[in-house]
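Q: how does the following fold in three dimensions:
(chains A, B and C)
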Amino acid sequence: MSGGTVDRARAMAAPLGRPALAAAAFVVLAAVFFAVIGRNPLAMIGVVLEAAAGDSYAIGESLVRATPILLCALATALPARVGLISVGAEGQFYAGAIAGTGTVLSMLPTPGWTMLPLMLVTGALGGMVWSLVAGLLRTGLQVNETISTLLTNYVAALLVTWLVYGPWKNPASQGWPATVEFPAAARLPALFDSRVHAGLLIGIALAVVLHLVLTRTRWGLVLDVLRSNPRAGLVAGLDFRRNALIVMALGGALAGLAGIAETASIQGRLQSDIAGGAGFSGFLVAWLARNHCLRIIPLSLLVGALLASGDGLQMFAQVPSSVTLVIQGLLFVAVLLVNGWLDRKRPA
Amino acid sequence: MKLHRLVRPLLAAALALGAHAAHSQTIGYIYVGPEKDYGYNTSHDLGRQYVEKTVSGTKTLHVENIPETAEVSRVMERMIKSGASIVFATSYGYLDYAIELGKKYPKVAFMHAGGLKTGDNVGTYWANSDDAIYLAGMAAGSVTKSGKLGFIAAFPIPQVVRSINAFTLGAQAMNPKVTTTVVWTGGWLEPAKEAEATNSLVDAGIDVIGEQVDSPITIAQTAEKRGIFVVGKDVDVSKFAPKSVLTGASWNWGPTMVKVVNEIKAGTWKPSHIRGDLKDGTVVLDPFGPAVTEPVRKTILAKKADILADKFEVWSGPMMAQDGKELLPAGKAMPMDMLESMGFLVKGVIGTIK
Amino acid sequence: MTSFDIVFGSFLVSALRSATPLVFVLVGETLVQRTGSINLGVEGQMLVGAMAGYGAAALWGDPWLGLVAGAGAGMLLSSVHGLLTLAARANQFASGLAVWMLGFGLSAYYGAGLVGRKIEGFGTWRGAGLDDVPVLGPIVAGMTPTVLLALVVAPAVAWWFWRTRTGLVWRAVGESPEAARAAGLRPIRVRLQAILLGGLLSGLGGAALSVDHTRTWAEGMTAGRGLVAVGLVIVARWNPWWVLPTALLFGGAEALALRLQTADAGVSAHLLLTLPYITSLAVLTLTCLRDRGQAAPAGLRAVMDR
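A: Take a look at the predicted model:
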């Protein structure tokens, strides 16, 4: 978004045309793929729509899947505002899950009303600390944040595995690697009669607040200058290190929150693999949205819906899970093609 | 809603699935890995195909690559909403989710692979492959020259720990000094790590390897390449390593699944722990490879006859833990919960399950 | 032959084997980033390379044809990234992830029929009389052709990149596309060439994994190696000369995590498996302590702003 106002004007001018064009391109690409593998394209696209949003249950499941993706996308977008490329949401998600779980386990067996807020706060802190490792390495020693966040992702995931096979294993779980089940006091309130929880509302509210802060405050401007023109920032006496640390910390907190909310409200216990790629999906969403916090909201819902529809496609259309991945890939190709084509005269 | 009305006719017309038709029995299957993995998941999918072929009026739904997290709740629920009245949750980690959903959908029958919990409508099925692994371990114990065996496995869950121990006990029956070194790959489908783990074990002087990962293909072929021996699990891989494969333990889930489905249809099913074994054919001891000599085959087959005649029990005392402490006194059989939540390694196993 | 030779030699071979697929991918991605692009899709390119390579080897019975097919498939998929980022000027990170998903999905879909098919792989030189040569003997004897190919490709590309005119052109495009354009060069064309070459090499890396190292095709079998390689380019400081040591560091730590288990280290396997990641980060940090920052190509910075 180097063009600033020009770009913004363009984005506002065609808010409806863009999604429609992208959808059309996607349908064409997907139809070609389905035709190649010998399936009826219309019927298959129908199945995807049905499984993603066919009834209130499907919509609910799509929202469940979207919740951590939304928070992880914000966790990617925030550092990107000063030009930092963090792929660390997945690791911060796990760090948040670990820290929050530690709180819950330490407060058992007498959970009170303080458990939920304390769990959420420590979860966010866990993600923050994990993110600050990369942040400090970057600001202190110029260690590239992309590689440090990538590598620490794997470490965080393995730490969870180690904890649930070792020190935190529920002795009553018959050998299954997971912690004890969280008490009801640790669950976020559910919305409607579904698995959707208040984390979704928190995520949406945070996206709106962040959008306002980033676009309407002086601090947002500072970040823009630090990203698009670091030299000007230096001349104007802006502190890159301090601001980089702040956005890394805030981003980590958001992903950590996603981690503990998912652990407590959806999984009900800590175990391996619970992120399910939410960190990477969030990264994708953030860059599809070009790190624009409001655009992140619909895109997270879209990606969440696609992911949640995968098993439906397998069940109803009897195709392997790989087809879902191809369809997702084609959707993003369509969005990128259309965006790129519409923006091609954008000043470099 | 609108979308619904738009999509439904399309669906029905083009796919003619009748997913919402209740008159035929719909059975859902969920796999933790790829349906075509030439291993654990394939063995369950063969069971599914057998059910579809054998029990008339059944239709199956199957979904692959579903992690052992809350993801599986959604998949099971969608299956049920699509008309499934029986759900086979074929991976160990699906247990708690099946139990939870069982309460929500009392009319649906859930069958879980290998858990030790039941509900009003949740039963489990599993088969004791330990006997066959023990017999395969005897083959391993007889061909090893170094007395050092290896075992490559994904994660230390009870079903894997049982195999490691049974393999070691079988080998020790032939050669009491045998040890088994365990290497964990940290993933069910990690061919690169499996190959390198095999190489590491060979370099450490180990000459027979047992395994429990998704598919034995990589380990068997690497063993053949390095000129050592291997014991398979889940499917027979002798065509990939004709010289190296000694024998192995394979699954045949079809008949067990058909039995349960027929009982449920007839209304006679009561949730319980169904446990197959060598005797009823759910577990098969693979054919012997050329490295297993005739006298050794005879010894192993005699032991197999003892097992079939209930004259020999793998899980009975005296049994010592890795650190030498007594697990079971002589003559005592292992209780079911100790067996199915196995969290210890026997004496002679080198490695850790933490 | 001393036991030291055996332990050290077999570990070195082990590290080399683990590093080989990474070497190809790293060389390719280094060139991609040096010319001012970034391609997160290499994971998907590796997978289609692994699948196509395995398929070709199964079909035609020749592992060499497998390597060629793998390289071709990787290049074909990378053209999607080229199209999206260069023609449609799409965001590079998003485009790379789209390519990743396409590669994962397509390889799993078309590879399903290959599971359970057997291929003829390459042999080693064990038993060819090399084993008794001290130190180097057992090392060379345990190698397969792709390992040797990796050992040749990395320095060859490094030499080409630093010592030839075309190498200079590629560097110039990465440092300053504007200046390159003013000098009559065509940055877009160079970038496309780099992306395609990166695709070819990552496909080759994938094929090395399936056809040679494991002789197995399984969906998702690269297990994140491609993504890690994108990051390891930074550890290698965008310099093809550093590719070999970087890949060896990671591959060696990977092999060590397994070898320590066979040596009964008594440490949790889950913790041992963090070794490759922690070691890479530690080494990167140490080198940053010495001289601050990495020599990121200036042209790469522009990527972030799109």
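
Q: average model confidence for stretch A:124-133?
A: The average pLDDT within stretch A:124-133 is 97.

Q: how far does it sit from the chain's center?
A: What separates the centre of stretch A:124-133 from the centre of its chain is 16 Å, taken as Cα atoms, centre = their mean, to the nearest Å.

Q: does chain C have contacts with that stretch?
A: No. Stretch A:124-133 stays clear of chain C (Cβ under 8 Å from any Cβ of the partner chain), getting no nearer than 9.2 Å. Yep, even glycine has a C-beta here, placed from its N, CA and C like the rest.

Q: element containing B:I152, please.
A: strand B:148-153 (DSSP states H and E).

Q: neighbouring strands of that strand in the sheet, and parallel or not?
A: strand B:179-184 (parallel), strand B:208-212 (parallel) (DSSP bridges).

Q: can you put these in TSV and add mean neighbour count?
A: Output for these, formatted as TSV (neighbours: other Cβ atoms under 10 Å in any protein chain shown):
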stretch	mean neighbour count
strand B:179-184	25
strand B:208-212	30
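
Q: ok, which of the ones you listed comes nearest B:E100?
A: With Cβ to Cβ, the closest approach to B:E100 among these belongs to strand B:208-212: 27.7 Å.

Q: and for the helix or strand just after that closest one, what's in contact with it?
A: Once strand B:208-212 ends, the next helix or strand along the chain (criterion: DSSP H and E) is helix B:217-226. Residues outside helix B:217-226 that contact it (Cβ atoms under 8 Å, 6 or more residues apart in numbering or on different chains): B:38-39, B:152, B:191, B:194-195, B:197-199, B:202, B:209, B:211, B:213, B:229-230, B:232, B:237, B:240-245, C:116, C:121, C:124, C:214-216, C:218.

Q: ok, A:V27 - contacts?
A: Contacts of A:V27 (Cβ under 8 Å, 6+ apart): A:I45.

Q: how near is it to A:L21?
A: For A:V27, the distance to A:L21 equals 11 Å [Cβ to Cβ, to the nearest Å].

Q: pretty sure C:G105 is touching A:V323, no?
A: Yes. C:G105 lies in contact with A:V323 (Cβ atoms under 8 Å); the separation is 6.8 Å.

Q: which ones are touching the residue lying closest to B:G187 once chain neighbours are set aside?
A: Of all residues not flanking B:G187 in the chain, B:A154 sits nearest, at 6.0 Å (Cβ to Cβ, 6 or more residues apart in numbering or on different chains). Residues near B:A154 by Cβ under 8 Å, 6+ apart: B:V160, B:W184, B:T185, B:G186, B:G187, B:W188, B:E190, B:Q212, B:V213, B:D214.

Q: tell me how many other residues crowd the fourth one.
A: Applying other Cβ atoms under 10 Å in any protein chain shown, we find 21 residues neighbouring B:G186.

Q: check contacts around the closest residue to it other than its chain neighbours.
A: Once flanking residues are discounted, B:G186 sits nearest to C:L273: 4.9 Å by Cβ to Cβ, 6+ apart. Listed by Cβ under 8 Å, 6+ apart, the contact set of C:L273 reads A:L158, B:W184, B:G186, C:A257.

Q: roughly how far apart are C:L273 and C:L256?
A: Using Cβ to Cβ, C:L273 is found at 10 Å from C:L256.

Q: do C:W64 as well
A: 31 Å.

Q: if you count what's nearby, which of the two comes out ahead?
A: C:L256 (21 against 13).

Q: among the contacts of C:L273, name the ones in helices.
A: A:L158, C:A257 (DSSP state H).

Q: and the two most separated of the contacts of C:L273?
A: A:L158 and B:W184 (11.5 Å).

Q: hey, what's in contact with both of the two?
A: Looking at what touches both A:L158 and B:W184 (by Cβ under 8 Å, 6+ apart), the common residues are C:H270, C:L273.

Q: dump stretch B:151-164 to CSV, restricted to CA.
A: In CSV, the C-alpha atoms belonging to stretch B:151-164 read as follows (Å, rounded to 0.1, in the frame of the first residue of the first chain):
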residue,chain,number,x,y,z
PHE,B,151,11.7,-50.4,16.9
ILE,B,152,10.6,-47.3,15.0
ALA,B,153,7.3,-45.7,16.0
ALA,B,154,5.4,-42.5,15.7
PHE,B,155,4.1,-41.6,19.3
PRO,B,156,4.2,-43.4,22.6
ILE,B,157,0.5,-44.2,22.9
PRO,B,158,-0.6,-47.4,24.5
GLN,B,159,-1.3,-49.3,21.3
VAL,B,160,2.2,-48.6,20.2
VAL,B,161,3.8,-49.3,23.5
ARG,B,162,2.1,-52.7,23.6
SER,B,163,3.7,-53.6,20.2
ILE,B,164,7.1,-52.6,21.4
